[in-house]
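A.B. asks: What follows is a predicted protein model with its sequence.
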Amino acid sequence: MNLRVGAFGRQEGASAVAICMFGGSCFAFDSAALFSDGNASYLTYAIALIASLLLFELLCAALNKRGGLDLSSLVGGSVVKRFLTVPLMLSLLLAALLPMQQCLLTVTQYVFVDAKQASVCLYLLPCLTLLCLLGAEPLVRTARILLPVLGISILIALVSNASQMHAYRLFPIPVGKPEKLLHESASALHRTVSPLLALLCIGDGTQRADAQKSAGRIGAAVGAIAVLSMLLGLSCCFSYGLLRDMPSPFYRLLVEARTDSPALRLDRAALFLWTACSLLGSAIEVFAAGVLLCRTFGVRDVRPVVCALSALCVSAVLLLYRDSEPAARTLSLLYRYGWIGAVVPLPLLCIGGRRKRVCAAS
Amino acid sequence: MRRIVIALCCLLLTAGCMHSKHLDEYAYAVDIGVERGTTMPYLVTLLVSVPGTGDEQTTAKNVAISAEARTFSEAIETLNAAYPSRLSISRASLLLLSESLAREGGQSAFLDFSFGKPDLWPNLRLAVASGSVKETLEGWTSETDPSLRKIKTSVGELTARSGLSADIGYGAYLECVREGRIDALVAYAGENDWSLKADLVGDDAYPYLGGSLLVSSSLKTTTAGSAVFDGDRMVGVLDGQHTMAVLLVTDAFVSGELLFTMPDGQPLCVRLHRARAPRIVLNGAHATADVYLEADLVSPQTVDMTSDELTAFLSSHLEQLLSRVFAALQRVNSDAMGFGRFAAMRFTSAEAWESFDAKAAYRALTVDFTAHVRLSHNPRRPVLE
């Protein structure tokens, strides 16, 4: 089989998870819904991350018992479980397209102001297909190179705005409505579980179960530090009333520098770096979806599959990019309920895997 | 075959050259001014940077162009129709409002374009001009600083170094208007006419106020003191010393000099430095505000008091100053000291906070100010000894 997963180490795996997490969490959220009733984005993200890590540990334990390194090992020969992987694939595609859609919005709004959206898409989106065709190993190795640079850009964004950050903007913290907190945490679950899911799809590239597990843990920790520091910095820089009307709040953090600040001209450089990281994260997720589909349904070559999936992704981005009511409503629903496709099939896959192992032993 | 495909892909990257726009096709506005128009609601003035021709004898200069319009976009498009280059406001770093427009209020709706108009830098400096915007901008212009870059930097430095003016960005001003947790304090500028004007508190013999400075220089416009806002409506001015008092409470103060009057009637100039962040505790309708400062005597360098006596004297006078300024602000319903920031901490939902009448609570608020001053040297011995 030509799956082009290759071989990579713990650092590469962790970097891939961290970059997917950053791209998905910093670009892919609905400001109007997230900040409609106060700002608890950092709280809900932390809750979602903990839940994702628990799911990840559960999946690793199930894989360990099964003796496999990737999610398709849990499927076995079951037809039902094969079709349970379909929502997982769609969820990975959704995790890939949502940050791309937001990145494109930011780039066309703030950089290529006079350009048509489709014209900008023409340049950015085919890169997704080319990246996916490279395979997992080049992608995760690129992630490892980009991660320190990303960290520096985040540090610069936070330090240059430190004088404008005030704790009073965090209040009121909306803990008075626990059901809303839970709902937001569930929405955030999609952004935190998808990178770990992508790692589990291509995790045989790490060649060892313990390497895969530690890559997931370290990557989640690094990604969480990056995202939580950005979310907290954002929350201290803008109050929730401003954030809910802000289309690209993380980019706004970059442009808050005063005109006489040395960080003044770094906004475009940082935006392009973050767009590149987001595109890389999306490519990793699309590739992971392709590998899962190939292994589950016995397709021998991943290349036509990832071409088809990236075309699907690109088409969805272009469709959702339209300034129309149905597109906006669809996008809002995807942000809110996209986690269902990622989270619901996973425990079902785990339970089935363990029972089969017990039967085989007896 | 692969090389041909790669070459074809690279050709796609050159498509941008077909609709390229060169830098010299644009004219960049470095400052924006807004005031009431005579025919249309608003008069928008842009100070446009005109580059030099490359000759050593010729320098860049600024040209003020203005248009009356109903909206900001309309003003820009009107000016584009009357100017040889395409105007760009992406490099503007100062937004100047006329005092008459600011006092009417309601201009934030006209100006609330920072999110909808992404090519405008969201944190450009904001200032209020006591007179005509065009004359104020021209009064700042000099041959040595045609882009006003140094003037704008010095406003920030003035605030940090002397604490005698406010430094607020347009994004922060919008937040004050929309969120209602703190009212804006904006730098105040005016054409110098040597006439002394009273501020809101009204107890200074020489109010350090823009347009009223007793100074003679090539620049006709001076910046000092601050304009006080209640929401998006200007309600008064504070001179330099009183602006410093507000900055002490909002933690925007770094260092500055204050003048006191000694018991024997002699003036005492003291340099104050921020020691740590002020502590504000809000308990219902009562608040306590503690400010922490280090003090150095400037003039005279020695006084006939012990350290304890001088510390008590300075603390007492500072507390009185803070109370007078607070009372003046409360009279005009301006929470420039930002007690509303702490009111939100009591709420656990945005709904409850949004239905809370923060201004009514502010009008009923009583505040106890405490100044903790630490002298950095013995007042009976000069610094050099």
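C.D. replies: Sure thing, it's come through.

A.B. asks: Show me what from chain A comes close to chain B.
C.D. replies: A:36-38, A:109-110, A:113, A:122-123, A:164, A:166, A:168, A:171-177, A:238-242, A:245-247, A:252, A:255-260 (CB under 8 Å from any CB of the partner chain). For the C-beta atoms, the positions are set from N, CA and C on the backbone; glycine is no exception.

A.B. asks: in stretch A:174-189, what's buried?
C.D. replies: A:174, A:176-177, A:180-181, A:184-189 (16 or more other CB atoms under 10 Å in any protein chain shown).

A.B. asks: Which members of those residues are the farthest-apart pair?
C.D. replies: The most widely separated members of those, counting by CB to CB, are A:176 and A:189 (22.1 Å).

A.B. asks: Check the buried residues of stretch A:174-189 against chain B and report the nearest one.
C.D. replies: residue A:176 (3.5 Å; CB to the nearest CB).

A.B. asks: circling back to that earlier point, could I get the buried residues of stretch A:174-189 in JSON lines, plus columns for pLDDT, distance to residue A:351 and secondary structure?
C.D. replies: Formatted as JSON lines, these follow (pLDDT from 0 to 100; distance: CB to CB, whole Å; DSSP: H, G, I helix; E, B strand; the rest coil):
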{"residue": "A:174", "pLDDT": "83", "distance to residue A:351": "35", "secondary structure": "coil"}
{"residue": "A:176", "pLDDT": "76", "distance to residue A:351": "37", "secondary structure": "coil"}
{"residue": "A:177", "pLDDT": "80", "distance to residue A:351": "33", "secondary structure": "coil"}
{"residue": "A:180", "pLDDT": "85", "distance to residue A:351": "31", "secondary structure": "helix"}
{"residue": "A:181", "pLDDT": "87", "distance to residue A:351": "28", "secondary structure": "helix"}
{"residue": "A:184", "pLDDT": "87", "distance to residue A:351": "28", "secondary structure": "helix"}
{"residue": "A:185", "pLDDT": "90", "distance to residue A:351": "23", "secondary structure": "helix"}
{"residue": "A:186", "pLDDT": "89", "distance to residue A:351": "21", "secondary structure": "helix"}
{"residue": "A:187", "pLDDT": "87", "distance to residue A:351": "25", "secondary structure": "helix"}
{"residue": "A:188", "pLDDT": "89", "distance to residue A:351": "25", "secondary structure": "helix"}
{"residue": "A:189", "pLDDT": "89", "distance to residue A:351": "19", "secondary structure": "helix"}
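
A.B. asks: dump the residue contacts of residue A:221.
C.D. replies: Counting by CB atoms under 8 Å, 6 or more residues apart in numbering or on different chains, residue A:221 makes contact with nothing.

A.B. asks: before we move on, what about residue A:201?
C.D. replies: Contacts for residue A:201 (CB under 8 Å, 6+ apart) come out as A:70-72, A:92, A:288-289, A:291-292.

A.B. asks: Just the ones in helices from these, please.
C.D. replies: Judged by DSSP state H, helices contain the following of these: A:92, A:288-289, A:291-292.

A.B. asks: ok, the closest residue to residue B:253 other than its chain neighbours - contacts?
C.D. replies: Of all residues not flanking residue B:253 in the chain, residue B:247 sits nearest, at 4.0 Å (CB to CB, 6 or more residues apart in numbering or on different chains). Counting by CB under 8 Å, 6+ apart, residue B:247 touches B:159, B:163, B:166, B:185, B:253, B:256.

A.B. asks: ok so, going back, neighbour-wise, which one of the contacts of residue A:201 leads?
C.D. replies: residue A:288 (35 neighbours; other CB atoms under 10 Å in any protein chain shown).

A.B. asks: if I read this right, it contacts residue A:205, doesn't it?
C.D. replies: No: when contacts are counted by CB atoms under 8 Å, residue A:288 is not listed as touching residue A:205 (10.6 Å).

A.B. asks: Find residues that contact each of these two.
C.D. replies: The contact lists of residue A:288 and residue A:205 share residue A:136, where a contact means CB under 8 Å, 6+ apart.

A.B. asks: quick one: residue B:206 and residue B:196 touch, right?
C.D. replies: Yes: here residue B:206 reaches residue B:196: they are 6.8 Å apart, a contact under CB under 8 Å.

A.B. asks: for the chain, what are the low-confidence residue spans?
C.D. replies: Let's take chain A. Scanning chain A with the threshold set as pLDDT under 70 gives A:76, A:255-265, A:322-323, A:352-362.

A.B. asks: meant chain B actually
C.D. replies: If you take pLDDT under 70 as the line, chain B has these spans: B:5, B:7-24, B:51-61, B:108-122, B:143-150, B:152-153, B:155-156, B:377-385.

A.B. asks: From the contact counts, what lies against the longest helix anywhere in it?
C.D. replies: In chain B, assigned by DSSP H, the helix with the most residues is helix B:307-331. Counting contacts by 3 or more CB pairs under 8 Å, 6 or more residues apart in numbering or on different chains; DSSP states H and E, helix B:307-331 packs against strand B:233-238, helix B:240-250, strand B:255-261, strand B:286-299, strand B:366-375.
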